[in-house]
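**Student:** Predicted model and sequence follow; I will ask about them next.
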Amino acid sequence: MNTRKERLAGISHLLNGHHVATDRMVEVLDALIRPGDRLCVEGNNQKQADWLAECLAKTNPDLVHSLHLVQSVLALPEHLDIVERGQVERLDFSFSGPQAGRLARLLEGGKIKLGAIHTYLELFARYFVDLTPKVALVAAQMADREGNLYTGPNTEDTPAIVEATAFRDGIVIAQVNQIVDKLPRVDIPADWVHVVALAPRPHYVEPLFTRDPALITEVQVLMGMIAIRGLYAEYGVTRLNHGIGFDTAAIELLLPTYAESLGLKDKICTHWALNPHPTLIPAIEAGFVKSVHCFGSEVGMEDYVAAHPEVFFLGPDGSLRSNRAFSQAAGHYACDLFIGSTLQVDLQGNSSTATRGRITGFGGAPNMGADARGRRHASPAWLRAGAESAAPGAMPRGRKLVAQTVETFREHNAPTFVERLDAWDLQASANLELPPVMIYGDDLTHLITEEGIAHLCRCHTPQEREQAIRGVAGFTPVGLARDARAVENLRDRGIIQRPADLGIAVSDASRDWLAARSIKDLVKASGGRYKPPMQFRNW
Amino acid sequence: MTALSHPVLPKVMRRSFLEASARERVLGLADAGSLQEFCPPAERLASPHLATLGLSRAFDDGVVVGRATLAGARVLLAAQEGRFNGGSVGEVHGAKLVGLLQGALVSKPAAVLLLLDSGGVRLHEANAGILAISEVARAMLAVRAAGIPLLVLLGGSCGAFGGMGIASRLAHRVLMSEEARLSLSGPEVIETVKGKEEFNSRDRALVWRITGGKTRRALGEADVLVEDDIAAFRQAAINTLAALPLAPAADGLAALGQVGLQLRQQALLARSARFAGVRDGDAVITQLSALSAAQAALADATTFEQALAAVSHATAAPDTAQVARRALQADQLLDTEDQAFADRLFGAGSHQLRVNGHFLAGTAQGPAGPLAVVGTRDRAPIGLTLALAMAEAILNVIRQDEVLPTEARRAIVLLADTQGQALSRHEELLGLNGALAHLALCVDLARRSGHPLLTLVRHEAVSGGFLSFGMLGDRICALPEAQVRVMDLRAMARVTKLPLAQLEALAQTSAIFAPGAENFYRLGGIHALWSEQDDWSRALADALQHLDRDDQRAALGAARGGRVLAQSVAERVCALAAQVV
Amino acid sequence: MEYFELSLPSQAVTLAAPAPGNTTDVLCGVVASGNLEILVEAHSGADVRFMVETTADGFRETWDAVLTQFAGSHASGGLTFTMNDVGSTPAVVALRLAQAHESWLRAGSRA
């Protein structure tokens, strides 16, 4: 009795249509999940099926065990509680965030076998090949009596998970914040969903993409200016994705001021694959932005997004339709530029956020921050980057611009540039098949630091590339060990550009350029539509 | 490649006051090119006490003082640097402010502008710091009494807390942005002592609803709400000065005057009654403005001012204030300990003192005539009610002696016995700092009306409660068991993140930060230490013969070798500020 | 806490000192975590002098590199830069030096 039909028959006494009572959920899970099942507990870096995860942690280990977890994010303590209780045998995932340290200890202690660490897109892809969930626990805003689901602005991973599970004889269980007679829109049809229950409290959503402009430093402003002049304007980048962080928030806030004053409106940054970053509000208000497709939503941005149908993808109810899988695909294939930040960069340009004793995984950055080898359509930026990278006589093709923007030193004066990534140590200690590299050096076309920009795609040899990296590595040991003459030569050839070479006076790098200098400025720019979470307010 | 035009910062961009440094603030506030800084960074008037602790110093000890013009008018101004040690006041920092204010008494500028941005006392030099704040307060009272317009501008990230929260309310007018905060105890302190339920300091929106500019403006604890923009602060300062009555006598621009303080007392009582038990600024703002809480949160300064003006500010019915006033009467007999204390001090049968909880007031027969007695007892936590009770008692003494010639007015014995200010969200919301400033204004009015002021410190005298009352005496004497402090060493070590052992070792040689009446004596903050063997009646008679009508504490500290910089720095700045150029 | 002085060759600074008694233009930055203040003053020698007090011990080599690059790239001969530092990164130090230098030139051009 392993088919969906048979399993659901076993809980027919608990079901009213698709609905079950909140207080019977543990019983339902005990009955529906079988040893050896592949299980996906929905959760990404934003929304979490947190109540179902709690129920899972209360199941009977005699009934529910030997599970194979196949889920994008291990963010909740409950996800690892079931590992500690011995209910999980194997794990395939993408990102672990706050549980990274605990996960590393469990792996080292042999509590669990690790399949692989994926990017989001890879894991979603494997849902349709060899890692299809048998049971998926998902989260939605609302359900109606029939069991249709409304996921609202935070649709995120739900369609990918449900599609894979429901059409391969799997069971989809949804927790909802509300049960209503009529949904604002149907995001997941009822016949893809098998069990629905009202959660005792709304599912958790993390305001992960909010960066307080008050915390952006002058150095980040400087690097933002370098990015705009040396990269965005240089290549005419219109389609792009920004990694999360203060560096990219600074760029977003410089668009309506600095970039506008350079005459770059309509010439750069018009089409985005991006979460609804609050720091993008001033650029949207200035008419800089034509389109934004979102991976997920952002807490407090709901009303603002709803008021901008000309920019965002909205449902008939007026609220955002996000979709992580599609946005990842868009970021990979349809964007000409990815720019993000990282903790460490080595001499080949490999970068990693791995630190010893923590297995954080990848999330989505590697898919954005990699050349799309399957891409065939051309754009000026893509062709230019391709032409610059091409070896003499090679078949002409385009290339994605992949940039990292980093200060040469992190806090406590730890150098960002290193001879050897900590990822190697992590590989050894956690017994991984590969060192966890976020962006591979051969995908990296540009490196931006406060010292300037290195056009790595213009380097002809690995030696040149290394000197170009050293040349913007400032006063780190890696930077100090540069060959000064080689670096000057690279500068003469425009491979390294200092701020002055780009027409930027370092002392002009003032926060006065930021279109918003506080969360309150963002609220004002939004016309009061952005409603920041309490922890970001100072009024 | 795209051809680029030259980047020009859009003119519409404001220059944030919040983000600017102290220097940028004064430069932006004053007429262009008019600022002349006194004792500028090149003179390196840094704190020697921070250096002793191995901590970084600033060339100006975190405060800019100087002269400038404002719309052509001659002004003196000061700006605290909130990012340097939280704008905290140490010996040098405080002495620069004192010197500026004292110089103003001579050069009589069109206004003195204080751009405050401070968490209060610098704990690394706590005793010198609280004395400095007390001296700043005394000097502000003198400037105010001289009819020189005194403005406080609050727009920095530290706001004004602790002693600087009290001092702010001694100005004629307070101009404030909604980003700034004005209060007494920090939310973290209240949370630590009273728990998260009382005040969750991490709930930033709540913190601002209690202490932020809009709540302060609605309550009248600030007089003008200003946008976070240096130019807006400049314009608000110009407008405020233009609107002030020109002649000192016209509208109590000098010391508010007895009538003014009586009215203020009435208003504070009415406000306490009206907002009894209220613990959230939204309730205050929605009652006092024509705005909902959501509207108020987003309103700009102009809209907010209009919304306040749209609501008539009828004070609470007089009988409400009457009810509140009953809590202010001292009408209970002394307990045996207090009785014995009073007998020893004034002689058995020659005093008529009464108490009400921590409040104590009455009269006594002094060695050279009748005395009035006002004070606190039993290690009082000083809250709104107690502050208003003492203010009321002092105003009564002034009124009763009004008919007498100035020299015949009674001396007032200020009995100080306090563990510090009361810690509660409600008291902070209603502006305990403002109530304590009001008390200070009443004490100062008594001095200016001719009442000699003698402070006796009984069991404990701690921080804010002491600052607004006992520290304003013409002479301050500590009784044998008196504990005087800002904070105990353990707590100080925790807050400053310095090792306790290091602080303990330093306390052996330095009087600058460690608790103890003896240390305050060496710094000049306490004039005399009474011993158990002394004849207290005789000591009392002697003390009443040796009152300093002007603040001589810095000189005393220098003479006693405990505080060597306060006087000389204040004198240097004063000499510069006293010049008219 | 560490203190050191460094004298380096540099091209002579081009503009005169600001008007006496007004040095507000030649102080840059504030003493706060990850930040520093820099006071710029004139001296009669040809070299550029740095006097550094910093809370972060053990970064002398990095300081030397940052200051040497600055002396080479900004005509500062005849100036003394006195710094109170609270653990700034080289990026912040370089930025503040550039700001301080420019402030000095601006003040000089007004004098």
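**Tutor:** Yep, it's here. Numbers count the residues shown, from 1 in each chain, chains lettered A, B, ... in the order given.

**Student:** all strands for the stretch 401-539 of chain A, in order.
**Tutor:** When secondary structure is read from DSSP state E, counting those that start in this stretch, the stretch 401-539 of chain A shows strands at A:401-405, A:446-449, A:452-455, A:496-497.

**Student:** Name the strands paired with the shortest one and say parallel or antiparallel.
**Tutor:** When you say that, I think you mean strand A:496-497. In its sheet, strand A:496-497 lies beside strand A:452-455 (antiparallel), with partners assigned from DSSP bridges.

**Student:** Pull out the buried residues from the partner strand.
**Tutor:** A:Gly452, A:Ile453, A:Ala454, A:His455 (16 or more other CB atoms under 10 Å in any protein chain shown). From N, CA and C alone the C-beta is placed, and that goes for glycine too.

**Student:** how about the strands of the stretch 401-539 of chain A in TSV, adding distance to B:Arg538 and mean pLDDT?
**Tutor:** Conversion of those to TSV gives the following (distance: least, CB to CB, whole Å; pLDDT from 0 to 100):
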stretch	distance to B:Arg538	mean pLDDT
strand A:401-405	77	98
strand A:446-449	76	98
strand A:452-455	79	98
strand A:496-497	84	98
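
**Student:** Let me have these in JSON lines, extended by distance to B:Leu441.
**Tutor:** Rendered in JSON lines, the data for those read as follows (distance: least, CB to CB, whole Å):
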{"stretch": "strand A:401-405", "distance to B:Leu441": "55"}
{"stretch": "strand A:446-449", "distance to B:Leu441": "56"}
{"stretch": "strand A:452-455", "distance to B:Leu441": "59"}
{"stretch": "strand A:496-497", "distance to B:Leu441": "62"}
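
**Student:** Which of the ones you listed sits closest to B:Gly383?
**Tutor:** Each of the strands of the stretch 401-539 of chain A was scored for nearness to B:Gly383 using CB to CB, and the closest is strand A:401-405 (52.5 Å).

**Student:** how about residue 90, what does it touch?
**Tutor:** Using chain A here. Contact analysis of A:Arg90 by CB atoms under 8 Å, 6 or more residues apart in numbering or on different chains lists A:Leu67, A:His68, A:Leu69, A:Ile112, A:Lys113, A:Leu114, A:Gly115.

**Student:** ah, I was thinking of chain C
**Tutor:** Each residue near C:Pro90 by CB under 8 Å, 6+ apart is listed here: A:Thr408, A:Phe409, A:Gly474, A:Phe475, C:Thr62, C:Ala65, C:Val66.

**Student:** Per-residue pLDDT of it, please?
**Tutor:** At C:Pro90, the model reports a pLDDT of 94.

**Student:** quick one, phi/psi of residue 47?
**Tutor:** The chain I'm using is chain A. Torsion angles at A:Lys47 (phi, psi; degrees, to the nearest 10) stand at phi -90, psi 150.

**Student:** what is it paired to in the beta sheet?
**Tutor:** Taking DSSP bridges, one obtains A:Val205 as the residues bridged to A:Lys47.

**Student:** Specify the local secondary structure of the residue in the stretch 1-150 of chain A that chain B sits nearest to.
**Tutor:** For the stretch 1-150 of chain A, the residue positioned closest to chain B under CB to the nearest CB is A:Pro98, at a distance of 18.0 Å. Secondary structure assignment for A:Pro98 (DSSP: H, G, I helix; E, B strand; the rest coil): helix.

**Student:** what's the answer for B:Val64, then?
**Tutor:** B:Val64 carries the three-state label strand when classified by three-state DSSP.

**Student:** so how many other residues sit close to it?
**Tutor:** 27 (other CB atoms under 10 Å in any protein chain shown).

**Student:** my read: it touches B:Glu81, true?
**Tutor:** Yes - in this structure, B:Val64 is within contact of B:Glu81 by CB atoms under 8 Å, at 7.4 Å.

**Student:** hey, what's in contact with both of those two?
**Tutor:** Contact with both B:Val64 and B:Glu81 is made by residues B:Ala22, B:Arg23, according to CB under 8 Å, 6+ apart.

**Student:** Spatially, what comes nearest to A:Ile173 if we skip its sequence neighbours?
**Tutor:** Nearest-residue entry for A:Ile173: A:Val195, 4.3 Å, with adjacent residues in sequence omitted and distances by CB to CB, 6 or more residues apart in numbering or on different chains.

**Student:** Around C:Glu102, how many other residues sit close by?
**Tutor:** When neighbours are counted by other CB under 10 Å, C:Glu102 registers 16.

**Student:** What distance do you get for A:Glu27 to A:Thr3?
**Tutor:** When distance is defined by CB to CB, to the nearest Å, A:Glu27 is 20 Å away from A:Thr3.

**Student:** Between those two, which has more neighbouring residues?
**Tutor:** A direct count of neighbours by other CB under 10 Å for A:Glu27 and A:Thr3 places A:Glu27 higher, at 17 against 9.

**Student:** Against C:Asp85, how distant is the more buried one?
**Tutor:** Here A:Glu27 is placed at a distance of 63 Å from C:Asp85 (CB to CB).

**Student:** Which pLDDT value belongs to the nearest residue to B:Val413 once chain neighbours are set aside?
**Tutor:** Excluding its sequence neighbours, the residue lying closest to B:Val413 (CB to CB, 6+ apart) is B:Val373, at 4.7 Å. Per-residue confidence for B:Val373 comes out at a pLDDT of 98.
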